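A.B. asks: please work out how this folds:
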Amino acid sequence: MKKRLLLIALCFPMLAGAAVRLPRIFSDGMMLQREQPVPVWGWADPGEQVTVEYAGQTKAAKADAAGKWMITLDALQANAEPRTMRVGSLSIANVLVGDVFQVSGQSNAAMSMDTCKRYPGTTDDIRTTTLPMVRIFTVPWGLFKDTPQEDVPAGCAWDSLRPEKNAGYSAIAFYFARSLHQHLNVPIGIVRASHAGGMAQIKMPKEALLSYESGRKFYETAVKRTKVDGGYPSSDWNGALAPVIRYGKRGIVWYQGEHNAGSGSFGYRETLPVLIRSWRAACGQPDLPFLIVQLPAHKAEGWPVLRESQLVAFRQANKAGFVVTIDHGEKDNIHPADKKPVGERLALEALRLVYGEKVTGCGPLYDGFQVEGASIAVNFTGGALKKVGGGFTIAGEDRQFVPATAVIRGHTLVVSNPAVPKPVAVRYAWESWPTVSLFDEHGLPASPFRTDDWGK
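C.D. replies: Predicted coordinates:
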């Protein structure tokens, strides 16, 4: 009997440790966020003590009645030398510390390098890029659920930029991460949680969706549809975002809007700010940097107003960045292949917003106007205006827009047409597939704009 009891006592620690489980994002090859507290969580038997050891730190937590536990590591310094994290009896190998960004949105945020091969240089980038200190964790497509999930499916894993894997990575994530790493020389991690289709309303928590009027209207309509599909309220959030949103990160990249453009774009002005606030709350970081990609040129209904809504949302948000892509895109393909300039502009905007460098990935932005006799002077923020051509229209009190000419005057454009002696409004690039001609000294395009609010 004594031998039996001794055997049970010896085995008990192993039995307890065997119950410890981690989300799949905590796995070999992972990237941890530097210079801020790092949350680590998982599951164990109720009441079980769980110990986490990493980089000289040892932290412990007790699983609650539901078997959930969480600890927070003290801020870590960037480290490119692989180390091991121990969680109970589990070991996570090849762990680096650097800056982690989440890339989310819809299909253009997820569009792979392989799909972008028609853009010059992409094939060479796939074939020649090997960066062990740049790593990507990809959440799969189509995880639409009607309740929040605790983990992503089996098979999700961290991997580095290397020729055997590069073709499958999100193109904007690839170019964004590569550019940041090459400039900062620190490890860069990407959590890519981005999925085809779906309005922004399915990508936020239910509580956030119900917190504003157009969100409640969306919920009331969508809840009548078949559950667990891409239209069900919060379905993308529940399946793909909720399981990874708490993972420690430096910022978020957001490339979405195509699905909202034909569905009442003005609601997007309310929706995007609510989404940003809800994601930051879920991360526990109220000032988490949020980088917004404005939709590029494409022949589709509703895109001018959607682009304007994105700009309005950006201006309402604190600690936000904005990337204009109106000089890119494909007229008849909603999935343009020119993701390299988008990713690289995002990296520049991150350097400005996150790292305080005197660079920008955003071109000139409209900043008010004054009528000056037979002309309208339009003001801009951003870099100095260096190039201007067509794409401008002007209107008088009859609200009939006609082509106009524009002349640069410092950070101001003077717009006129002799046929409109008493102008009241100006528009630039106000089409889904516009003429694009206004750039700053760095070659960055100005955002489309209008000085009026006369509907579409």
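A.B. asks: show me where the stretch 151-300 of the chain has its strands.
C.D. replies: Assigned by DSSP state E, counting those that start in this stretch, the strands in the stretch 151-300 of the chain fall at 158-161, 188-194, 251-255, 290-293.
A.B. asks: figure out which of those is closest to residue 76.
C.D. replies: strand 188-194 (12.8 Å; C-beta to C-beta). In this view, the C-beta of every residue, glycine as well, is placed from N, C-alpha and C.
A.B. asks: distance from the chain centre to that closest one, please.
C.D. replies: Remark: strand 188-194 is offset 9 Å from the chain centroid, using C-alpha atoms, centre = their mean, to the nearest Å.
A.B. asks: begin at 872 from here
C.D. replies: Taking 872 as the first residue, the last one we looked at is strand 1059-1065.
A.B. asks: buried sites along that strand?
C.D. replies: Judged by neighbour count using 16 or more other C-beta atoms under 10 Å, the buried positions of strand 1059-1065 are 1059-1065.
A.B. asks: which pLDDT value goes with the residue lying closest to residue 1122 once chain neighbours are set aside?
C.D. replies: Distances taken as C-beta to C-beta, 6 or more residues apart in numbering place residue 1160 nearest to residue 1122, at 3.6 Å, with adjacent residues excluded. Looking at residue 1160, its pLDDT is 98.
A.B. asks: do the same with the one 5 residues further on
C.D. replies: We note a pLDDT of 98 for residue 1165 in this prediction.
A.B. asks: phi first, then psi, for it.
C.D. replies: Taking degrees, to the nearest 10, you get phi -80, psi 140 for the backbone angles of residue 1165.
A.B. asks: what residues are up against it?
C.D. replies: Going by C-beta atoms under 8 Å, 6 or more residues apart in numbering, residue 1165 touches 1178, 1181-1182, 1193-1197, 1318.
A.B. asks: which single one of the residues you listed is nearest to residue 1221?
C.D. replies: residue 1194 (9.8 Å).
A.B. asks: what is the burial count for that closest one?
C.D. replies: Per other C-beta atoms under 10 Å, the neighbour tally for residue 1194 reads 28.
A.B. asks: cool, residue 1044 as well?
C.D. replies: Neighbours of residue 1044 (other C-beta under 10 Å): 31.
A.B. asks: might one say that it is in contact with residue 974?
C.D. replies: Yes - between residue 1044 and residue 974 there is a contact under C-beta atoms under 8 Å: 4.5 Å.
A.B. asks: give me the common contacts of the two.
C.D. replies: When contacts are counted by C-beta under 8 Å, 6+ apart, residue 1044 and residue 974 have 980, 1061, 1063, 1124 as shared neighbours.
A.B. asks: got the contact list for the third one?
C.D. replies: Pointing back at residue 1063 there. 973-975, 980-981, 1007-1010, 1040-1041, 1044.
A.B. asks: now those residues as JSON lines including secondary structure?
C.D. replies: Shown next, in JSON lines, are these (DSSP: H, G, I helix; E, B strand; the rest coil):
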{"residue": "973", "secondary structure": "strand"}
{"residue": "974", "secondary structure": "strand"}
{"residue": "975", "secondary structure": "strand"}
{"residue": "980", "secondary structure": "helix"}
{"residue": "981", "secondary structure": "helix"}
{"residue": "1007", "secondary structure": "strand"}
{"residue": "1008", "secondary structure": "strand"}
{"residue": "1009", "secondary structure": "strand"}
{"residue": "1010", "secondary structure": "coil"}
{"residue": "1040", "secondary structure": "coil"}
{"residue": "1041", "secondary structure": "strand"}
{"residue": "1044", "secondary structure": "helix"}
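A.B. asks: now residue 899: how far from residue 1030?
C.D. replies: 10 Å (C-beta to C-beta, to the nearest Å).
A.B. asks: distance of the residue nearest to residue 1122 relative to residue 1154?
C.D. replies: Counting by C-beta to C-beta - residue 1160 and residue 1154 are separated by 11 Å.
A.B. asks: return the helix or strand in this structure with minimum mean pLDDT.
C.D. replies: In the chain, the helix or strand scored least confidently by mean pLDDT, DSSP states H and E is helix 873-889, which has a mean of 42.
A.B. asks: mind listing the strands the helix or strand following it pairs with, and their directions?
C.D. replies: Going down the chain from helix 873-889, the next helix or strand is strand 902-904, by DSSP states H and E. Note on strand 902-904: by DSSP bridges, its sheet partners are strand 961-976 (parallel).
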